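Chemist: sequence first, then the predicted structure:
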Amino acid sequence: MTPQARERFIDEVVVAFSDPRWNDGNGQPHNLAKRRATERLRRHFDAIGRRIYLAEELNVLYPGERAFCPDILAVLDVPQPEDDERMAWVVADEGRGLDLVIEVLYEGRRKKDLVDNVERYARLGIPEYFVYDRKKQQLHGYRLPAPEARRYQRIVPQAGRYASGVLGLDLAIEKGKLEFFYGMAAIFGTEDLIGRLQGMMQSLEAKAEQAEAQAEQALTSLQNSLLAIVAARGIPCSDDDRERVRSCVALETLQRWLVRAATVGSMAEVLAENA
């Protein structure tokens with residue numbers, strides 16, 4: 001296929017997929033689940049320093065096959081350009097097919113995701129395929145048992161988790177959402193990190209307030225102790241002297257005055273600046 005013919009073909013595919021008849025009408029529940037999953041995966045692979053190409057609803061062209069547009073596709077060890085200009089993943093140009101597909105099912109065509117795609121993606125040699133049925137809160141996982149195999153085997157969940165060999169992660173539904181687990185811990189998205197940061201800030205603010213209260217208690221305790229020693233020893237203490245003690249907020253100064261009050265005989269000596 002010449003470059004000009006290829007460009008015309010891709011344009012035709014894009015136009016075809018823009019036809020309202022291709023729109024399954026899944027709406028925001030579908031879009032939010034898809035976006036959330038992609039964002040988590042991208043953040044995780046950035047964190048572990050491994051390259052992965054992730055895309056949502058990107059047209060995919062296998063040689064001799066009708067084009068399709070998965071909700072989420074992944075190709076390992078391919079960089080994710082900051083400004084991705086791909087109009088489609090053209091296998092003949094990229095030199096490789098997809099490693100994984102995730103479809104999010106809400107109000108769409110169930111047979112397409114749960115029957116037709118299971119057969120088609122296996123035939124195309126896509127190693128793993130997952131369907132997140134958001135409305136029924138179910139997860140389905142499929143894997144090729146060998147690279148040359150063209151029929152999927154179901155992934156059997158372990159303790160509710162579906163292992164992905166492609167991603168090196170486990171998939172599971174928790175609290176009504178699709179989650180990814182790295183070892184025992186769920187991987188975080190932006191909203192999780194923001195929530196954690198807000199929690200940390202609130203904790204720091206609470207600790208600062210607690211420390212401030214403890215400092216005020218320490219000041220009051222030193223002031224009361226100083227005045228009590230002065231009174232016990234019968235040292236005359238004027239209102240001005242008492243006010244000076246009460247207005248002092250320096251712990252070291254109060255401690256110094258407290259030591260003096262035990263030995264000197266006047267408030268002038270207790271409160272002397274350079275004694």
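Modeler: Cool, got the structure. Numbers count the residues shown, from 1 in each chain.
Chemist: alpha carbons only for contacts and neighbour counts from here, please
Modeler: Will do.
Chemist: which non-adjacent residue is nearest residue 164?
Modeler: Take residue 164 and drop its neighbours on the chain: the residue closest to it by C-alpha to C-alpha, 6 or more residues apart in numbering is residue 170, 5.8 Å away.
Chemist: typo on my end, it should be residue 151
Modeler: That would be residue 122: by C-alpha to C-alpha, 6+ apart, it lies 5.3 Å from residue 151.
Chemist: are we agreed that that neighbour is in a helix?
Modeler: Yes: per DSSP: H, G, I helix; E, B strand; the rest coil, residue 122 lies within a helix segment.
Chemist: which ones are touching it?
Modeler: Contact analysis of residue 122 by C-alpha atoms under 8 Å, 6 or more residues apart in numbering lists 144, 149-152.
Chemist: please apply the same query to residue 180.
Modeler: Shown in contact with residue 180 (C-alpha under 8 Å, 6+ apart): 40-41, 169-172, 186-187.
Chemist: quick check: ChimeraX command selecting the buried ones in the residues you listed.
Modeler: To isolate the buried members of the contacts of residue 180 in ChimeraX, using 16 or more other C-alpha atoms under 10 Å:
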select :40,41,169,170,171,172,187
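Chemist: show only the entries of the contacts of residue 180 found in strands.
Modeler: 169-172, 186 (DSSP state E).
Chemist: would you list the phi and psi of residue 54?
Modeler: phi -120, psi 140 (degrees, to the nearest 10).
Chemist: residues in contact with it?
Modeler: 38, 42, 72-75, 80.
Chemist: sitting in strands, which of the residues you listed do you find?
Modeler: Per DSSP E, strands hold the following members of those: 72-75.
Chemist: nearest to residue 87, of those?
Modeler: residue 73 (13.9 Å; C-alpha to C-alpha).
Chemist: quick one, helices of the stretch 1-150 of the chain?
Modeler: Listed in chain order, the helices of the stretch 1-150 of the chain (DSSP state H, counting those that start in this stretch) span 3-18, 27-48, 91-94, 110-111, 117-123.
Chemist: what secondary structure does residue 237 sit in?
Modeler: coil.
Chemist: not counting its neighbours along the chain, what's nearest it?
Modeler: Of all residues not flanking residue 237 in the chain, residue 267 sits nearest, at 6.3 Å (C-alpha to C-alpha, 6+ apart).
Chemist: perfect, that will be all.
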